[in-house]
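In: Next comes the sequence, and after it the predicted model I'd like to discuss.
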Amino acid sequence: MITGNHAAAMAVVLAARANRSGRGFCSGVYPITPSTECMEFLCLQDIEKGHVVKVESEHSAMAVCIGASASGARSFTTTGGNGLIYMAENVIVAALLRLPVVMVVGNRAIGPPWNIWTDHSDSLALRDSGWVQIYCWNNQEVFDAVLVAFRIAEDHRVLLPVMVCQEGFVLSHTMTLTEVADQAQVDRFLPRLRLPHRLAGTPRVLGSFDTSHMIEVHREQHHAAMGMVWDAYREAQTDFEKIFGRRPPDPVVTYRTQDAELAMVSMGTIAETVNRVVDNLRDHGLKIGSIRVSMFRPFPSDALKKAFSGISRIAVIDRDISLGFGGALWGEVRALAEPGAIVQNFVTGLGGGDVRPEHIEEMVTDALGRKASGSPVFIGVGE
């Protein structure tokens with residue numbers, strides 16, 4: 001029985017030790033709720049050929065990871081909320097330098113007003129930063145996703161950093177039964193990191209000045225690398241299942257959508273509540289299904305188009321708000337529905353607000369009664 005924070009930290013320690021025959025491990029850390037427990041656990045571990053650097057800010061924490069990763073070490077940090085926003089400059093630097101840093105984001109509302117509870121506004125604010133983004137719905141997925149994150153980040157076809165997003169307190173501080181791997185299993189799953197552009201004997205330059213032509217070339221390469229994540233992830237899923245006996249989720253997870261007239265689309269822990277409501281409403285004769293997006297970057301457009309086939313109504317649930325627009329997930333999903341489908345946005349659970357079954361049922365009633373899509377609807381506000 002462990003929390004999401006401890007699940008993440010345990011996976012990181014195993015991944016760190018798995019690189020002991022390479023250039024080791026290094027982590028830069030600076031505490032912020034709800035991620036502090038993860039780095040506290042990490043700081044207490046004795047990692048051979050590893051070092052955890054305690055710095056003065058989140059910006060510096062990512063700077064340590066950049067330096068460590070550029071030297072060929074396996075690297076990790078964790079943060080959330082305003083800590084992630086403060087880190088933003090170096091978050092982008094790590095991506096554009098093609099460094100395979102892994103970061104666990106304890107999703108937390110951005111202040112002010114100050115709030116330590118969960119929504120997805122922090123990580124989604126950096127959705128265009130060049131990081132792969134994975135969203136978990138339980139502690140087991142947090143543990144598994146950290147190991148998978150190192151695997152795909154360090155794949156030579158990809159070489160991009162990865163965010164593993166867990167909802168603050170809902171997962172980070174909640175204890176659930178979680179299967180923890182042993183070191184021999186992780187050693188089999190994670191090969192020694194060999195960073196092809198590491199700073200070593202061969203003279204190299206990182207962060208040089210680019211002309212417009214070279215910027216265009218680099219961005220095209222970066223975008224192409226994002227496209228290679230799908231192959232790397234599928235291979236990681238297969239190997240993970242062989243070694244650990246369970247399979248990480250697909251980027252898009254469908255539930256009872258085969259004959260659905262309405263699909264409820266969500267990310268993170270809300271999806272588990274949605275699935276329970278789907279079961280209940282199915283018992284009452286309503287053809288409802290659930291679609292969970294577990295990987296937001298790269299965006300799984302093809303998988304979502306396939307999932308939306310034959311569905312005339314789609315309700316997109318966002319635990320975030322892009323002010324003046326609507327939910328970020330809805331903004332990207334709505335173009336993938338079949339022509340003529342009603343795609344309605346529902347915003348809920350901001351700042352840790354409860355998302356209860358009755359809230360999902362309210363969304364279902366609204367979506368089924370609509371003749372057309374409308375402005376985003378806020379559910380459960382102020383309750």
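Out: Yep, that arrived.
In: could you check the distance from the most centrally placed residue in the chain over to residue 195?
Out: What sits nearest the mean C-alpha location of the chain, by Cα atoms, centre = their mean, is residue 134, with 2.5 Å. Between residue 134 and residue 195 the distance is 21 Å, computed by Cβ to Cβ, to the nearest Å. To be clear about C-beta, it is placed using only N, CA and C from the backbone, and glycine gets the same treatment.
In: Would you map the strands across the stretch 201-350 of the chain?
Out: When secondary structure is read from DSSP state E, counting those that start in this stretch, the stretch 201-350 of the chain shows strands at 252-255, 262-266, 288-293, 295-297, 313-318, 342-347.
In: can you redo those as JSON lines with mean pLDDT, distance to residue 19 and mean neighbour count?
Out: Below are those laid out as JSON lines (pLDDT from 0 to 100; distance: least, Cβ to Cβ, whole Å; neighbours: other Cβ atoms under 10 Å):
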{"stretch": "strand 252-255", "mean pLDDT": "98", "distance to residue 19": "30", "mean neighbour count": "18"}
{"stretch": "strand 262-266", "mean pLDDT": "98", "distance to residue 19": "35", "mean neighbour count": "28"}
{"stretch": "strand 288-293", "mean pLDDT": "98", "distance to residue 19": "31", "mean neighbour count": "25"}
{"stretch": "strand 295-297", "mean pLDDT": "98", "distance to residue 19": "24", "mean neighbour count": "22"}
{"stretch": "strand 313-318", "mean pLDDT": "98", "distance to residue 19": "37", "mean neighbour count": "27"}
{"stretch": "strand 342-347", "mean pLDDT": "98", "distance to residue 19": "41", "mean neighbour count": "23"}
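In: do you know which of those lies nearest residue 184?
Out: Taking Cβ to Cβ as the measure, these were each checked against residue 184, and strand 295-297 came out nearest at 28.1 Å.
In: quick one: contacts of that closest one?
Out: 124, 127, 131-135, 226, 229, 233, 251-252, 267, 329 (Cβ atoms under 8 Å, 6 or more residues apart in numbering).
In: ditto for stretch 219-232
Out: Residues from elsewhere that reach stretch 219-232 (Cβ under 8 Å, 6+ apart): 95-96, 98, 130, 132, 151-152, 155, 157-160, 251, 295, 297-298.
In: Scan those and report the most crowded one.
Out: residue 160 (27 neighbours; other Cβ atoms under 10 Å).
In: Contact partners for that residue?
Out: For residue 160, the contacting residues are 95, 98, 100, 130, 131, 132, 153, 222, 225, 226, 229, by Cβ under 8 Å, 6+ apart.
In: how does it look with 7 Å?
Out: If you count contacts by Cβ atoms under 7 Å, 6 or more residues apart in numbering, residue 160 has them with 95, 98, 100, 130, 131, 132, 153, 225, 226.
In: The fifth one: neighbouring residues, count only.
Out: Counted by other Cβ under 10 Å, the residues lying close to residue 131 total 24.
In: With residue 217 instead?
Out: When counting by other Cβ under 10 Å, one arrives at 12 neighbours for residue 217.
In: quick one: it from residue 223, how far?
Out: Separation of residue 217 from residue 223 (Cβ to Cβ): 11 Å.
In: Identify the residue nearest residue 218 in space, chain neighbours excluded?
Out: Sequence neighbours aside, residue 210 is the residue nearest to residue 218 in space, at 6.7 Å (criterion: Cβ to Cβ, 6 or more residues apart in numbering).
In: Which residue ranges of the stretch 201-350 of the chain form helices?
Out: Counting by DSSP state H, counting those that start in this stretch, the stretch 201-350 of the chain forms helices over residues 212-227, 229-244, 270-283, 301-307, 328-333, given from the N-terminal end onward.
In: List of residues touching the shortest one?
Out: This means helix 328-333. Helix 328-333 has contacts (Cβ under 7 Å, 6+ apart) with 124, 127, 265, 267, 293, 299, 304, 316, 318, 320, 322, 325, 343, 345.
In: can we see that at 8 Å?
Out: With contact meaning Cβ under 8 Å, 6+ apart, helix 328-333 is reached by 120, 124, 127, 265-267, 293, 296, 299, 304, 314, 316-318, 320, 322, 325, 343, 345, 376.
In: likewise the fourth one?
Out: The set of residues external to helix 301-307 that reach it, using Cβ under 8 Å, 6+ apart, is 250, 251, 252, 254, 257, 263, 291, 293, 333, 336.
In: buried ones in that helix?
Out: Of the residues in helix 301-307, 303, 304, 307 count as buried by neighbour count, 16 or more other Cβ atoms under 10 Å.
In: can you redo the helices of the stretch 201-350 of the chain as CSV with mean pLDDT and distance to residue 144?
Out: Formatted as CSV, the entries for the helices of the stretch 201-350 of the chain read as follows, by pLDDT from 0 to 100; distance: least, Cβ to Cβ, whole Å:
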stretch, mean pLDDT, distance to residue 144
helix 212-227, 96, 21
helix 229-244, 98, 7
helix 270-283, 98, 16
helix 301-307, 98, 19
helix 328-333, 97, 22
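In: Please identify the most buried of these.
Out: Ranked by mean neighbour count, the helices of the stretch 201-350 of the chain are led by helix 328-333 with a mean of 21 (mean count of other Cβ atoms under 10 Å).
In: how far does that helix sit from the chain's center?
Out: Computed by Cα atoms, centre = their mean, to the nearest Å, the separation of helix 328-333 from the middle of its chain amounts to 15 Å.
In: and what of stretch 18-33?
Out: With Cα atoms, centre = their mean as the basis, stretch 18-33 stands 19 Å off its chain's centre.
In: Restricting to C-alpha, output it in CSV.
Out: The C-alpha atoms that make up stretch 18-33 are tabulated as CSV, following Å, rounded to 0.1, in the frame of the first residue of the first chain:
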residue,chain,number,x,y,z
ALA,A,18,19.5,0.0,-13.9
ASN,A,19,21.9,2.6,-15.4
ARG,A,20,24.8,1.7,-13.0
SER,A,21,26.8,0.2,-15.8
GLY,A,22,26.4,3.4,-17.7
ARG,A,23,26.9,7.0,-16.6
GLY,A,24,24.7,6.7,-13.6
PHE,A,25,21.9,8.8,-12.4
CYS,A,26,21.4,12.4,-11.3
SER,A,27,18.3,14.3,-10.2
GLY,A,28,17.7,18.0,-9.4
VAL,A,29,14.9,18.6,-6.8
TYR,A,30,13.1,21.5,-5.2
PRO,A,31,10.1,20.8,-3.0
ILE,A,32,6.5,21.9,-3.8
THR,A,33,3.2,20.4,-2.8
